[in-house]
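> Sequence and predicted model, in that order:
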Amino acid sequence: MAKWKRLWEQIKHFKLNIMNYDVFLQICSIALAVVHFVLMIAMRLSGRFLLTTVNIFSICTYLVAFRYAARNRIKLVYYIFVTEILIYSTLSVCILGEYTQFSVYCLAVIPFTFLTGYVLDCQNLDEDRKIFHPIKNVIILCIWYLVELGIGALFGSQYEMGADAVGTFLRYLNLLINIFCLVFGSAVLAMVAVDHIRTIRKNMDEMERLMHEAEASNEAKSAFLANMSHEIRTPMNAICGMADMLLDEELSEQGRECAATIKSSGDGLLSIINDILDFSKIESGKMPITPEEYYFSSLVHDVMSMMDVRVKDKPVELIAEVSDDVPSRLYGDTGRIKQILINIMGNAVKFTHEGTVRLHISWQARESGTGRLLFRVADTGIGIRPDDMAKLFDAFEQVDMKKNRGVEGTGLGLSICKLLVESMDGHISVESEYGRGSTFSFDIVQQVIDATPCEYSKSKRDVTHRQFAVDFRAPEAKVLVVDDNKVNLRVAAGLLKKFGIAPDLVDNGRDCVDMIRGQARYDLIFMDHMMPEMDGIEATELIRATGTEYTDRLPVIALSANAVKDMEKQFLAGGMNDFLPKPIDMALLGRVLRKWLPENLIQETAGAQYNKEGLQ
């Protein structure tokens, strides 16, 4: 009883669409059963027992269809309906004649055929679509219609309906049923299609709204990251810079150890910040690969020098093996390649307490002046458990957390490496034996600029000695540093002092513009980006707007902790000449000074060596 009540509620509140087509089939089953029940009574009263039996069969058939419709067996119910209609119409033609009327039942099913196919396709209920083809079914119905016409024309009928009341009733009922099926079926098909189109349009509008919300949320996240980048990296610049300056001073052994710890901790925190920012940018598609020409030996030397500092006093040997066929000059994103290598080798050094960390690089030539760089980093560290291999490249995942609880990291490094490698048409993989070590392998596509072998082993000593070298001075250079943070000004002044430069310091952009307009002359300006009252880009635009030959040529270098959203492009578009990120790296600072200061102000020196322990 409860089932019938539930069905009645569904019928009362019925609104036809593709999602409640099963209820529509139940209603049709009941309606057709009622029609055949009326026909059965009419045939029984007129003494036509054979036709009475046929209608009883039809009633039972539609009750079965009702049961399967309740289970949403749409395709099966369709075939039950069609089979019953074809059998009934064929028997009616053979028994009663009037084949021009009864055979039309075959055509009346055509709208229902298209409607069923449309619903199955929309609901995706038909797992094998080859089983149900509306066009094939319609062709079969048309052929059956012609067959019934032929049967009626050639063989006649066993019983003519005549002009009595029952015969007239059957003629009119048959005509009404055919008209109703054709018109109602076509109307329902159109109604369902229109309703589905409206639903699709509504869903598209909703998707567009959600997409705009997601874009707005992503923009808000990017703005938040940009602000947090500046707010976090600015004090980090002070910490790392002041630690560098302390290491240059005459310190006791304990004082030097404390300063080195501050510097190391600052670099560690900065690395975590960079990982989070990089992952966010790659995830949002805002970290494109920026290729440039580079010398491969220099790239390897830079990476090995950084790793040598990380090894410190650990009994770990760093080994670099570069095949002779690796070209000397390539075209690719050297910054991203370094980032991948430093991350993977950094992990190898971190988890290797003794033994070796070996970097092997080979070359696989391709057509059209390109090839694949094949990198393999093998260590004799603690290894990785087989159960942890699957999540190794997942974001924010760290393997063997219990054993490695004291190891720093966000769990983003390898996921960033994977994204970067894939963006350079490459692949990364890992092999490991727990307790004995791991081997990370990756390959990337690079374009060849100079196919001459790089001969890394021959150039290793010379390049290594040039790392972090302060090899010139510019005591007569006039440099202006603009930053709203007093500590940042002191850090910048201390770092420039290493090059013999005593800069002028200004704490806001408006004073800088006033000084330039007041005929002050400088060879170079370092301009902070985010400052109150007037930011660095606005100040630079006002300087350029002065319109003199001096202000047009004056080099302005963006000095900013803002490391997101392609800020370098905004700096260049705003009239700046170059970009130096905070915390300031001595090697980058030296290259910027050598690039933008007039040549006559550069005084070459013997090359005092600068490294993590200070200026020697």
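Noted; the coordinates are in hand. Residues are numbered from 1 along each chain as shown.
> Give me the neighbour count for residue 70.
A count of nearby residues for residue 70, using other CB atoms under 10 Å, gives 16. From N, CA and C alone the C-beta is placed, and that goes for glycine too.
> Disregarding residues adjacent in the polypeptide, which is nearest to it?
Spatial nearest neighbour of residue 70, excluding adjacent residues (CB to CB, 6 or more residues apart in numbering): residue 26 at 6.1 Å.
> Just say helix, strand or coil for the one you found.
Using DSSP: H, G, I helix; E, B strand; the rest coil, the secondary structure recorded for residue 26 is helix.
> surely it meets residue 66?
Yes. At 5.5 Å, residue 26 counts as touching residue 66 under the criterion of CB atoms under 8 Å.
> got any ranges where the stretch 101-250 of the chain has weak pLDDT?
101-105, 122-131, 152-153, 155-175, 177-193, 195-196, 221-223, 225-230 (pLDDT under 70).
> correction: the stretch 251-400 of the chain
For the stretch 251-400 of the chain, the stretches with pLDDT under 70 are 268, 271-272, 274-287, 312, 395-400.
> Which residue ranges of it form helices?
Using DSSP state H, counting those that start in this stretch, the helices of the stretch 251-400 of the chain run over 253-283, 296-311, 334-350.
> just those helices: most buried one?
Taking mean count of other CB atoms under 10 Å as the contact definition, the stretch among these with the greatest mean neighbour count is helix 334-350, which reaches a mean of 21.
> which residues touch that one?
The set of residues external to helix 334-350 that reach it, using CB atoms under 8 Å, 6 or more residues apart in numbering, is 278, 289-290, 292, 294, 299, 302-303, 306-307, 310-311, 314, 316, 318, 357, 359, 373, 375, 377-379, 381, 407, 409, 413-414, 416-417, 420-421, 424, 438, 440, 442, 444.
> Show the buried residues in those residues.
Buried members of these, counted by 16 or more other CB atoms under 10 Å: 278, 294, 299, 302-303, 306-307, 310, 316, 318, 357, 359, 373, 375, 377-379, 381, 409, 413-414, 416-417, 420-421, 424, 438, 440, 442, 444.
> List the buried residues of the longest strand seen in the chain.
The strand that spans the most residues within the chain, counting by DSSP state E, is strand 437-453. Residues of strand 437-453 classed as buried by neighbour count (16+ other CB under 10 Å): 437-444, 446-449, 453.
> Just the closest of those to residue 475, please.
Of all these, residue 475 sits closest to residue 449, with 37.6 Å by CB to CB.
> wait, what's in contact with that closest one?
For residue 449, the set of contacting residues under the criterion of CB under 8 Å, 6+ apart consists of 293, 327, 329-331.
> Just send those back as CSV, with neighbour count and distance to residue 518 too.
Rendered in CSV, the data for the contacts of residue 449 read as follows (neighbours: other CB atoms under 10 Å; distance: CB to CB, whole Å):
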residue, neighbour count, distance to residue 518
293, 12, 42
327, 22, 53
329, 17, 47
330, 26, 48
331, 17, 46
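> from those, which two are the most distant?
Across these, the longest distance by CB to CB is 11.4 Å; it joins 293 and 327.
> What's the local residue count around residue 295?
Close neighbours of residue 295, defined as other CB under 10 Å, add up to 18.
> On the strand side of things, show who it bridges to.
On the basis of DSSP bridges, residue 295 takes part in beta bridges with residue 329.
> surely it meets residue 328?
Yes. If you go by CB under 8 Å, residue 295 and residue 328 touch, sitting 6.4 Å apart.
> Spell out which residues are contacts of both of those two.
Contact with both residue 295 and residue 328 is made by residues residue 454, according to CB under 8 Å, 6+ apart.
> domains of this structure?
2-161, 291-466, 471-615 (automatic domain parsing).
> thinking again about what came up before, so can I have CSV of the helices of the stretch 251-400 of the chain showing distance to residue 73?
As requested, these are arranged in CSV below (distance: least, CB to CB, whole Å):
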stretch, distance to residue 73
helix 253-283, 45
helix 296-311, 65
helix 334-350, 55
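> who wins for proximity to residue 547 among these?
Judging the helices of the stretch 251-400 of the chain by CB to CB, what sits closest to residue 547 is helix 334-350, at 36.0 Å.
> can you give me the angle that closest one makes with strand 437-453?
Interaxial angle of helix 334-350 relative to strand 437-453 (axes from the mean of the first three to the mean of the last three CA atoms, to 10 degrees): 150 degrees.
> tilt between helix 334-350 and helix 296-311?
Going by the same axes, to 10 degrees, helix 334-350 makes 30 degrees with helix 296-311.
> With just CA atoms, put helix 334-350 into CSV.
Output of helix 334-350 as CSV, limited to C-alpha atoms (Å, rounded to 0.1, in the frame of the first residue of the first chain):
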residue,chain,number,x,y,z
THR,A,334,68.7,27.3,-16.3
GLY,A,335,67.0,28.7,-13.2
ARG,A,336,64.5,25.9,-13.1
ILE,A,337,67.0,23.2,-13.9
LYS,A,338,69.1,24.4,-10.9
GLN,A,339,66.0,24.4,-8.8
ILE,A,340,65.3,20.8,-9.6
LEU,A,341,68.9,19.7,-9.1
ILE,A,342,69.3,21.6,-5.8
ASN,A,343,66.1,20.1,-4.5
ILE,A,344,66.9,16.5,-5.4
MET,A,345,70.6,16.7,-4.4
GLY,A,346,69.6,18.7,-1.2
ASN,A,347,67.4,15.8,-0.2
ALA,A,348,70.2,13.4,-1.0
VAL,A,349,72.6,15.3,1.2
LYS,A,350,70.0,15.7,3.9
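> gap between that helix and the chain center?
Helix 334-350 has its average C-alpha position 23 Å from the chain's average C-alpha position, going by CA atoms, centre = their mean, to the nearest Å.
> One more: stretch 83-97?
60 Å.
> I'd like the distance between the nearest residue to residue 371 once chain neighbours are set aside and residue 447.
Nearest non-adjacent residue to residue 371, counting by CB to CB, 6+ apart: residue 365, 4.6 Å away. Distance, residue 365 to residue 447, by CB to CB, to the nearest Å: 12 Å.
> cool, residue 231 as well?
39 Å.
> same check, this time on residue 73
Here residue 73 is placed at a distance of 60 Å from residue 447 (CB to CB).
> Same check on residue 53?
The gap separating residue 53 from residue 447 is 84 Å, by CB to CB.
> before we move on, what about residue 30?
Using CB to CB, we find residue 30 at a distance of 73 Å from residue 447.
> returning to that earlier point: among the domains of the chain, which is nearest residue 241?
Among these, if distance is taken as CB to CB, the winner is domain 471-615, at 3.2 Å.
> how far out from the middle of the chain is the closest one?
So, by CA atoms, centre = their mean, the centroid of domain 471-615 is 37 Å from its chain's centroid.
> avg pLDDT for it?
The pLDDT scores in domain 471-615 average 84.
> what sits against residue 353?
With contact taken as CB under 8 Å, 6+ apart, residue 353 is in contact with 314-316, 381-382.
> Test of understanding: give the bridge partners of residue 319.
Note on residue 319: beta-bridge partners by DSSP bridges are residue 358.
> Over to residue 453?
Residue 453 has these beta-bridge partners by DSSP bridges: residue 327.
> What's the end-to-end length of stretch 428-446?
Here the two ends of stretch 428-446 are set 16 Å apart, with distance taken as CA to CA, to the nearest Å.
> do stretch 491-502 as well
With CA to CA as the measure, the first residue of stretch 491-502 is 12 Å from its last.
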